[in-house]
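Chemist: What follows is a predicted protein model with its sequence.
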Amino acid sequence: MMESTDYFFLTGVVYSPQGETIAGAAIMIYLIDHNTVPPVKKRLGITFTATDGSYGISIPRQSGQEYKVVVYLPGT
């Protein structure tokens, strides 16, 4: 029997330093496991911003763990 995993939906909007929304940015989601030395970074998923700069991604809920969101701008 498969174990049930609880997920949550992470949403946001990516803005430039000038306050404009950014379309096509890549959003990488990482889980940082501090139970190991050194901490282990595991990639959970990737999504991209829509034309209005918004994004959303479903990721597994890991109680007591840290998540890291990294944004890569288009063309960089």
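Modeler: It's in. It should be emphasised that the depicted structure is a prediction, and the values quoted were computed from it without experimental measurement.
Chemist: just the strands in the protein please.
Modeler: Using DSSP state E, the strands found in the chain span residues 7-13, 26-33, 40-48, 54-60, 66-72.
Chemist: Out of those strands, the one nearest residue 19 is which?
Modeler: strand 7-13 (10.9 Å; C-beta to C-beta). Glycine gets a C-beta too; all of them are placed from N, C-alpha and C.
Chemist: Leaving out the residues flanking it, which one is nearest to the most centrally placed residue in the chain?
Modeler: Geometric centre of the chain, nearest residue: residue 29, 2.8 Å, by C-alpha atoms, centre = their mean. Spatial nearest neighbour of residue 29, chain neighbours left out: residue 44 (4.6 Å); criterion: C-beta to C-beta, 6 or more residues apart in numbering.
Chemist: The residue nearest to the centre of the chain bridge partners, please.
Modeler: Taking DSSP bridges as the rule, residue 29 bridges to residue 45, residue 69.
Chemist: That one contacts residue 41, doesn't it?
Modeler: No. Checked against C-beta atoms under 8 Å, the pair residue 29 and residue 41 is beyond contact range at 10.9 Å.
Chemist: Overlap in contacts, these two.
Modeler: Common contact partners of residue 29 and residue 41 (C-beta atoms under 8 Å, 6 or more residues apart in numbering): residue 68.
Chemist: could you list every residue that touches the closest residue in space to residue 48 that isn't next to it in sequence?
Modeler: Leaving aside its chain neighbours, residue 48 sits nearest to residue 26 (5.7 Å; criterion: C-beta to C-beta, 6+ apart). By C-beta under 8 Å, 6+ apart, the contact set of residue 26 is 46, 47, 48, 71, 72, 74.
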